[in-house]
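with the sequence up front, the predicted model follows.
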Amino acid sequence: MSRRILAVGAHPDDVEFGCAPILIQETQKGHAVRILVTSKGEAASSGTPDERADEARAAAKIIGAEIEFMDFGGDCHASHTPRNAITLAREIRGFQPNIVLAPHLEENQHPDHSAVAKIVRDAVRLARYGGLAPLLDQSPHSVDQLYYYVITQGFGPAPHIIVDVTGVHAPWEQAMSCHQTQMKTKSYLDLVNARARLLGASIGVEYAVGLWANDPIRVESLSDLTLTSRHY
């Protein structure tokens, strides 16, 4: 069954560093993936907004995803407001994703990350409401699953889901490498790869990426769950 996955990032490179290999796996399976970026990194010390947007477009091509940039006031101006949540809910209704990925809710090195996470969380809910006046021209849409990813954080709480991404590590690294303007300030490839290797080792594979569930994961029977981090 064809699925639609929407990944939202606050800046160019957030999706690439945080969850790109998961998206690559899904596009390779024939599923539709769309990336929404809520700024062009206007406040960054390295790289112009146009350069950073072009880097993100090049990475999206490697991932096999569509990409669009939204205006939430620019880098360092993302605000958790009803207006922004409704704006994003309109995008959700338009694309009708089954799965949505967003930055982790926990506050970290950039305030935009947690702000955008909260905007996405609210937008997923608002997209369902049939009586929301600003969205009456669109049909309501219910997202099946909302997950959070980390970007360049180190190692925090254990993920709820660990995805083996060893088989797509090469294109993932290519997508991350598109962001050459950002490599000038920190060795992000080393940082992200070290995290992926450590998480992979915890499940007996070379590279892995973690996701955190917004809601409890529902299954029809306990025996539908076949693998855990202890089973490898």
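On my side now, so go ahead.

quick one: contacts of the lowest-mean-pLDDT helix or strand in the chain?
Within the chain, no helix or strand scores below helix 180-183, which has a mean of 90 by mean pLDDT, DSSP states H and E. Contact partners of helix 180-183, identified using CB atoms under 8 Å, 6 or more residues apart in numbering, comprise 13, 44, 46, 47, 51, 52, 55, 177, 188, 189. Bear in mind the C-beta positions are built from the backbone N, C-alpha and C, glycine included.

how does it look with 6 Å?
With CB atoms under 6 Å, 6 or more residues apart in numbering as the test, helix 180-183 has contacts from 13, 46, 47, 51.

over to stretch 102-118?
8, 10, 38, 78, 80, 120, 148, 150, 153.

same deal with stretch 60-67?
So stretch 60-67 is in contact with 20, 23, 24, 27, 33, 34, 35, 57, 171, 174, 175, going by CB under 6 Å, 6+ apart.

just to revisit the earlier point, scan the contacts of helix 180-183 and report the most crowded one.
Top of the contacts of helix 180-183 by neighbour number is residue 13, holding 28 neighbours under the definition other CB atoms under 10 Å.

buried stuff in stretch 27-41?
27, 31, 32, 33, 34, 35, 36, 37, 38, 39, 40, 41 (16 or more other CB atoms under 10 Å).

could you identify the pair within these that is furthest apart?
31 and 41 (27.5 Å; CB to CB).

returning to what we had before: just give me the closest of the contacts of helix 180-183 to residue 72.
Distances from residue 72 to the contacts of helix 180-183, taken by CB to CB, are shortest for residue 13, at 16.5 Å.

thought that closest one was touching residue 176?
No - with contact defined as CB atoms under 6 Å, residue 13 does not reach residue 176; the gap is 7.6 Å.

mind showing which ranges of the protein have poor pLDDT?
Flagging of the chain using pLDDT under 70 yields the residue ranges 154-155, 231-232.

show me where it has strands.
4-9, 32-37, 66-69, 99-103, 145-149, 161-164, 208-213 (DSSP state E).

how close does the closest residue to residue 91 other than its chain neighbours sit to residue 87?
Of all residues not flanking residue 91 in the chain, residue 36 sits nearest, at 6.2 Å (CB to CB, 6 or more residues apart in numbering). In this view, residue 36 and residue 87 are 11 Å apart by CB to CB, to the nearest Å.

next one: residue 9
16 Å.

between the two, who's got more neighbours?
residue 9 (29 against 18).

that one touches residue 15, doesn't it?
Yes - Residue 9 sits in contact with residue 15 when judged by CB under 6 Å, with a separation of 4.2 Å.

what count of nearby residues applies to residue 16?
Neighbour count of residue 16, defined by other CB under 10 Å: 31.

let me see the contact set for it.
Taking CB under 6 Å, 6+ apart as the test, what residue 16 contacts is 59, 175, 176.

could you redo the last one with a cut-off of 7 Å?
59, 175, 176, 179 (CB atoms under 7 Å, 6 or more residues apart in numbering).

would you turn those into TSV with neighbour count and distance to residue 2?
Below are these laid out as TSV (neighbours: other CB atoms under 10 Å; distance: CB to CB, whole Å):
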residue	neighbour count	distance to residue 2
59	25	23
175	28	23
176	21	27
179	24	30
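
those residues in helices, which ones?
Using DSSP state H, the members of those that fall in helices are 59, 175, 176.

quick revisit: dump the contacts of stretch 102-118 into CSV; add distance to residue 69 as well.
Listed next are the contacts of stretch 102-118 as CSV, based on distance: CB to CB, whole Å:
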residue, distance to residue 69
8, 11
10, 11
38, 8
78, 13
80, 19
120, 16
148, 21
150, 22
153, 24
